[in-house]
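Pasted the sequence and its predicted model underneath.
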Amino acid sequence: MSLISYLDSPGPNQNLLLLQSSISQSSIPLLRHVIAQNAGQKEPVKKFLFCFLHPPSSLIKNAVESNVQVYDYLDRIPGYNDAWSESCPEILDLVENAPVSIPIEAIIDSVDTILADNESLSGTYKFLRSLMALISSRSKSSRLILHISAPSKLLPFLISTAFSPTLTQLIAHPPVLFTHIAIEYMTPPPPLSSDAKFWGIFIPISERGRDAENLVFGQGGDGSGGQDEMVVEVLVRGRSDASGRRKAVERFLEGWDIQKNQPVSLSQMSSLASIYRRKTVVEEAAPDPTQNVSFNLHLTPSQLESRARVPLPYVHEGLSIAQPAPGAILYDPDSADDIDDDDPDEDLDI
């Protein structure tokens, strides 16, 4: 399956979609696509968008057309006003009381903001776990869509099998990270290099995060992640095949055109053109050693004809040489050899 299929048409029981951003590259373009992908469908999914960090206008253009019910919690900041109330119980109540006849998608634009508001890692995880249980108890097409920014204390808990046995995790990476690995480690993305070699180098570097930040914000960097393109690492756990058997973990890479809001292959990304551009080798003729010398090294036709008439100094030219019998020892005695035909041991009774 491709990236667009995991965004728009997840498989059965794929109830958790985790969009992961970082300091060096944001996955918000993927979140916008997921929110708006219902437009024009005959039987759209009912969506609940809970905004804690991003204004709703920056994520969706037409909520009615996309069948999205928006809840703006940006003004609910603990200690900022006296009318503050916790939003987690309200979200659980909305999802629990949603119509059971249609699938739903509960979308949270920033679980890190919920953690900051609650000031409790265990309390935030308990809320998200309850929300995941409500989504899993509904139809197979219902999904919980979470956006998270790495590094995050919540990330290890959300990707664990205890939270959800199935997982679709989309991690955004800046393209400069792949050009760096291709140059410094001489390991371009598959299929230009083997999967085992590439992932063995890429995963530790990407998980550290510091290397990508230095490439983007360090000396010589652009100062921001990909504005027009980005690379998405797709990690899928627990997907079932056509026979119903559940697979282990799938991992692959695919590009995303931010301006056109659509996937693109890595080989077609302009930011990775230096990796996939094949260098044309121009075969140059070997230099002529007879050029630019002060004397003539070429032969005249008469000289060529005279050279052709010179006999070659081969003894057996044109003649076949008789081969000796197998195992025969050929010995040509020297003039100084003392050869006696008599048997020196003839007196012995052997």
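Cool, the structure landed.

and the closest residue to Leu121 other than its chain neighbours, how many neighbours?
Once flanking residues are discounted, Leu121 sits nearest to Lys153: 5.6 Å by CB to CB, 6 or more residues apart in numbering. Glycine gets a C-beta too; all of them are placed from N, C-alpha and C. Neighbour count for Lys153, taken as other CB atoms under 10 Å: 11.

do Pro204 as well
10.

ok, now Ser136?
Neighbours around Ser136, by other CB under 10 Å: 17.

quick one, what contacts it?
Shown in contact with Ser136 (CB atoms under 8 Å, 6 or more residues apart in numbering): Asn15, Ser142, Ser164.

Now name the helix or strand holding the last one.
The one in question is Ser164. Using DSSP states H and E, Ser164 sits in no helix or strand.

Can you report how many residues lie near it?
24.

again, but for the first one
For Asn15, the number of neighbouring residues by other CB under 10 Å comes to 25.

Who are the contact partners of it?
Asn15 touches Met132, Ile135, Ser136, Lys140, Ser142, Arg143, Leu144, Ser164, Thr166, counting by CB under 8 Å, 6+ apart.

ok, 7 Å please
With contact taken as CB atoms under 7 Å, 6 or more residues apart in numbering, Asn15 is in contact with Ile135, Ser136, Ser142, Arg143, Leu144, Ser164, Thr166.

which ones among these are found in strands?
Mapping those onto strands (DSSP state E) picks out Arg143, Leu144.

closest to Ala328 among the contacts of Asn15?
Using CB to CB, Thr166 is the member of the contacts of Asn15 that lies nearest Ala328, at 81.3 Å.

which non-adjacent residue is nearest the closest one?
Gly238 (3.6 Å).

Do a quick rundown of the strands in this protein.
Counting by DSSP E, the strands of the chain are 16-21, 46-51, 68-72, 104-108, 143-149, 167-173, 229-237, 249-257, 262-264.

how close does Ser130 get to Phe48?
Separation of Ser130 from Phe48 (CB to CB, to the nearest Å): 15 Å.

Then Gln219?
44 Å.

between those two, which one's more packed in?
Phe48 (18 against 5).

so what's that one bridging to?
When bridges are taken as DSSP bridges, the partners of Phe48 come out as Gln69, Ala106.

And it, how close does it get to Asn67?
11 Å.

Could you do Leu312 as well?
93 Å.

These two: who's more crowded?
Asn67 (16 against 5).

Just give me the neighbour total for the residue nearest to the more buried one when sequence neighbours are not counted.
Spatial nearest neighbour of Asn67, chain neighbours left out: Pro44 (4.4 Å); criterion: CB to CB, 6+ apart. Look at Pro44: counted by other CB under 10 Å, it has 17 neighbours.

What of Lys260?
10.

Among the strands of the chain, which comes closest to Asn118?
Taking those one by one with CB to CB, strand 104-108 is closest: 13.0 Å.

That closest one - what's its average pLDDT?
The average pLDDT for strand 104-108 rounds to 92.

Okay, angle between it and strand 16-21 too, please.
On the basis of axes from the mean of the first three to the mean of the last three CA atoms, to 10 degrees, strand 104-108 is oriented at 30 degrees to strand 16-21.

what inclination does strand 104-108 have with respect to strand 46-51?
10 degrees.

Between strand 143-149 and strand 104-108, find me the angle.
For strand 104-108 against strand 143-149, the angle between stretch directions is 10 degrees (the same axes, to 10 degrees).

Can you tell me who the residue most central in space within the chain pairs with across the strands?
By CA atoms, centre = their mean, the chain has its centre lying nearest to Leu253, at 3.3 Å. Beta-bridge partners recorded for Leu253 (DSSP bridges): Glu233.
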